[in-house]
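A.B. asks: build me a model from this:
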Amino acid sequence: MSNYNQAVAQDVNHLAAINNIAFIKYEQGDIETAIKQWQQAIKINNQSAEATLALAVALYVKGEQQQAYKLAETALKLDKNFADFHCMRKNLWGQSIITDAQKLLSTPKIKTLLSQLR
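C.D. replies: Now for the predicted structure:
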């Protein structure tokens, strides 16, 4: 965590560090801070499917379904590979967010979208 904080201190737009801080915060149960970090990551690069889907998952868990669906759709259109849990693991997503992502990705609305993208 300190390495990521140092990276951000040196470059406030260090996308990978901001994204990784968000994942760590999420796994620690600090969803609010994770959300703020992912929002920052998306401001830096709105084409980041990973940050966008992670933010969608966090908002879904908070009960903000409509925003979550919209972000998930955007993310999956950017890179549908993130619908695959192996891809999430390969990108070092933690178990908590993978479990929560499974809930979002298994909703009828997202399943329909995924079938259209394949």
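
A.B. asks: how about the secondary structure of Ala58?
C.D. replies: The three-state label given to Ala58 by DSSP: H, G, I helix; E, B strand; the rest coil is helix.

A.B. asks: buried set for the worst-scoring helix or strand of the chain on mean pLDDT?
C.D. replies: Lowest by mean pLDDT, DSSP states H and E among the helices and strands of the chain is helix 2-10, with a mean of 91. Of the residues in helix 2-10, Tyr4, Ala7, Val8 count as buried by neighbour count, 16 or more other C-beta atoms under 10 Å. C-beta here means a position set from N, CA and C on the backbone, and glycine is covered the same way.

A.B. asks: same check, this time on stretch 109-118
C.D. replies: Ile110, Leu113, Leu114.

A.B. asks: residues contacting the closest residue to Ala101 other than its chain neighbours?
C.D. replies: Spatial nearest neighbour of Ala101, chain neighbours left out: Val57 (4.8 Å); criterion: C-beta to C-beta, 6 or more residues apart in numbering. Applying C-beta atoms under 8 Å, 6 or more residues apart in numbering, we find Val57 in contact with Ala68, Ala72, Ile97, Asp100, Ala101, Leu104.

A.B. asks: distance from the chain centre to the helix or strand Lys25 falls within, please.
C.D. replies: If you go by DSSP states H and E, Lys25 is part of helix 15-27. Distance, stretch centre to chain centre, for helix 15-27: 9 Å (C-alpha atoms, centre = their mean, to the nearest Å).

A.B. asks: need the CA coordinates for that helix. CSV is fine.
C.D. replies: Extracted C-alpha coordinates of helix 15-27, given in CSV (Å, rounded to 0.1, in the frame of the first residue of the first chain):
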residue,chain,number,x,y,z
LEU,A,15,-3.7,5.1,-12.9
ALA,A,16,-2.4,1.6,-11.9
ALA,A,17,-1.5,2.8,-8.3
ILE,A,18,-4.9,4.5,-7.8
ASN,A,19,-6.7,1.4,-9.1
ASN,A,20,-4.7,-0.9,-6.8
ILE,A,21,-5.3,1.3,-3.8
ALA,A,22,-9.0,1.0,-4.6
PHE,A,23,-8.9,-2.8,-4.7
ILE,A,24,-7.0,-2.9,-1.4
LYS,A,25,-9.5,-0.6,0.3
TYR,A,26,-12.4,-2.7,-1.1
GLU,A,27,-10.9,-5.9,0.3
